[in-house]
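In: structure for this input, please:
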Amino acid sequence: MSGSPGSPGSPLGPGSPPSEGGFVRRVGLFQATAINMSQMCGIGPFVTIPLMVAAFGGPQAVIGFVAGAVLALCDGLVWAELGAAMPGSGGSYVYLRQAFQYRTGRLMPFLFVWTAMLFIPLIMSTGVVGFVQYLGYLAPGLGQTSGDLIGLGVIALVVLLLWRGIEHIARITAVMWAVMIASVLLVIVAAASDFSPHLAFTYPARAFDLTSDHFWLGFAAGLTIGIYDYLGYNTTAYMGAEIKDPGRVLPRSILFSILGIMAIYLLLQIGTLGVIDWHRMTNPADIASTSVASAVLEKTWGKGAADTVTVLILITAFASVFTGLLGGSRVPYDAARDRVFFRPYEKLHPKHRFPMLGLATMGVITAVGFLIGRHTDLATLIQLLTTVMVIVQALAQIVALTVLRHRQPELKRPYRMWLYPVPSILAFAGWCVIYGYADRNSPGRHPIEWSLAWLALGCVAFLVWARLEKVWPFGEREIEEDYLTPESAVAG
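Out: From the prediction side, this is the model:
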C-alpha cells in the first residue's frame, strides 16, 4: 500500500500525458513490476519461515508458499481484469463503488475504507514486530518491556518523520528496494554455500497424509501465512491513473511480480531449510525461531556477516513501515475528498500538505497492533488482519467482477480473466478456507468474531455518515458509471 496513488511517493514525473485527477501516466511495465515486488517482499519472509514450518511440522512447509502463490495468482487475475478496465486511483475503492452502487449506494466503498484503516496498520505492525525480533539477535538480552518500548518508539519516529513532511520519497523507496533485494540475495547465496539436501528434504512421518486433520489444519494456517507474504501484488492497481497503457501493463505487472516473488520465496525457504534444522525453528528458546535469516548467515559465513545482514533487515523493516503508513494514510483522505468517508479526514496539514487525521489514526492502530503481536504471537496478528481484509476486500471484490460483467457488459475490458470463472471460484474458495479456519488456528483469540464486530461497527458508522451526508439510505442512490463511454452507457 505504500505506493498508493496520491501519496508523495507516487512515481510521477514531467513530460507524460495527464491522467485523471492530474496524475501522469509514466510508470511502465518494469517499474510497475518492481513496485509490486518491493511491496510484496518486505520483512515478511524473514519472520514467517519459522511460522510456516511450525504450521506444517516439518520441511513440507514449502507447500504453504506454493499454495499462497496459487491463491495470489487466481486473485491476481481478478485484480488484473478490474484494474485494466477501471485504471483509476483507488483500487478496490473504485471497483466496489462501481459494482455495488446499484443496490447499496456507497456502503461497500465506505466499508472498504473502514476496514483498510484497520488492516493496513495491522500489516505495518507486523513489520514492527519483525523489527524487534531481529533486533533481539543483535541485543540478546533485550527484554519484553524494552522491546515494547523500542517498537513503540519506532512507530512514533515514523509518524514524526511523516508529520514533518517528506520530500523525495521515491528515493527512499528505491533505497528500501535495494536493501531488501540485497538482504534476500545474501541469505539465498549464503544458504546455497552450505546447503544440505538431507536437512531440506527429509520429512517427518505422515508429512503428506491427506487423510489427517493435522495436515489440513497446517495447510489452512500455511495458506494464511503464505498469502500474507504475497500481499502487495495489487499495488499497481491502486496506481491505475499513473500506469502507462494500463490495459496491457497492469495485468502483466501483477502476474510477473507474483511469479518473481514465488521464485525468490522458494529459493529462500528451501535454502534456509537446507542450513537450519527445522526443529530449531519451532523452539521458542532458539534464535532461529525469531531471526532465522541471521541464524543462516551465522552458520555459513560467521557472526560478522550475520550482524551485517541483520542490520539490512532492520532497515528493510523500518522502511516498509515508513512507506506503508505514508501510503495508507492517504486512503481515508481520498475517500473523504470524494464524499465517501467522514469529511474531517480530507483535511490536510496547512504547511506540509499531508492528511493529518489519517496518519494519526493509523499510527495509533499500528501501535495497538504491535502490542497485540508482542503479547500474543505474530501468527495471531496475521490471522486478525487477514480475517478483517477477507470479507470486504477479497470476497467482495471477486463478487464485484461478476456483478460488473452483468451490470456493465459494455465496459471496455482490455484484459479478460483467463478461463473465467475458474480462477474466481478458486480464489473465493481459498479466501473462505483462510477465513473459516481462522478461529481453529487461533484458539481463544476469536479473530472471526473480532472481524465481524469491526464490520458491524463499520455499518453503524456508515449509517451515521449517510445521515450526515443525506445519501442512501437517507437519500437517493447516485449511480455513476464513470468508466463507461457515452455510447456504451446508452447501449447498456
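In: would you confirm that Leu161 contacts Val321?
Out: No. With contact defined as C-beta atoms under 8 Å, Leu161 does not count as touching Val321 (10.6 Å). For glycine as for every other residue, the C-beta is placed from the backbone atoms N, C-alpha and C.
In: so if I had to pick from those two, which one is more boxed in?
Out: Neighbour totals were compared for Leu161 and Val321, and Val321 leads with 29 against 14 (other C-beta atoms under 10 Å).
In: A helix includes the more buried one, no?
Out: Yes. Note on Val321: a helix contains this position according to DSSP: H, G, I helix; E, B strand; the rest coil.
In: check which residues of stretch 465-476 are buried.
Out: Judged by neighbour count using 16 or more other C-beta atoms under 10 Å, the buried positions of stretch 465-476 are Trp465, Ala466, Glu469, Val471, Trp472.
In: so the fourth one sits against Gly105, correct?
Out: Yes. Counting by C-beta under 8 Å, Val471 sits close enough to Gly105 to count as a contact (6.0 Å).
In: list the residues that contact both of these two?
Out: Taking C-beta atoms under 8 Å, 6 or more residues apart in numbering as the contact criterion, the common neighbours of Val471 and Gly105 are Glu478.
In: and the strands in the stretch 251-400 of the chain, which stretches?
Out: For the stretch 251-400 of the chain, none of the segments meets the definition of strands by DSSP state E, counting those that start in this stretch.
In: tell me where it has helices.
Out: According to DSSP state H, counting those that start in this stretch, the stretch 251-400 of the chain carries its helices in the segments 278-281, 292-301, 303-328, 330-337, 356-375, 378-389, 396-407.
In: which ones are touching the residue lying closest to Trp163 once chain neighbours are set aside?
Out: Take Trp163 and drop its neighbours on the chain: the residue closest to it by C-beta to C-beta, 6 or more residues apart in numbering is Leu359, 6.7 Å away. The contact partners of Leu359, by C-beta under 8 Å, 6+ apart, come to Val159, Leu162, Trp163, Leu325, Ser329.
In: just the buried members of the residues you listed?
Out: Judged by neighbour count, with 16+ other C-beta under 10 Å as the criterion, the buried members of the contacts of Leu359 are Val159, Leu162, Leu325, Ser329.
In: phi, psi for Gly207 please.
Out: Wrong residue type there; residue 207 is Ala, not Gly. Main-chain dihedrals, Ala207, degrees, to the nearest 10: phi -60, psi -30.
In: what of Ile243?
Out: Recorded main-chain torsions at Ile243 are phi -100, psi 130, according to degrees, to the nearest 10.
In: how close does it get to Ser257?
Out: The gap separating Ile243 from Ser257 is 13 Å, by C-beta to C-beta, to the nearest Å.
In: now swap in Ala205 and tell me
Out: Distance check for Ala205 against Ser257: by C-beta to C-beta, it reads 37 Å.
In: so those two - more neighbours on which side?
Out: Counting neighbours by other C-beta under 10 Å for Ala205 and for Ser257 shows that Ser257 has the greater number, 28 against 6.
In: wait, that one touches Gln31, no?
Out: No. Counting by C-beta under 8 Å, no contact exists between Ser257 and Gln31, whose distance comes to 11.4 Å.
In: averaged pLDDT, stretch 431-450. What do you get?
Out: Along stretch 431-450, the predicted local confidence has a mean pLDDT of 78.
In: do stretch 465-484 as well
Out: Computed over stretch 465-484, the mean pLDDT rounds to 89.
In: contact partners of that stretch?
Out: Taking C-beta under 8 Å, 6+ apart as the rule, stretch 465-484 contacts 85-86, 88, 97-98, 101-102, 104-107, 110, 339, 341-342, 408, 410-412, 463, 489, 492.
In: which stretches of the stretch 51-200 of the chain have low pLDDT?
Out: Counting by pLDDT under 70, the low-confidence segments of the stretch 51-200 of the chain come to 89, 164-174.
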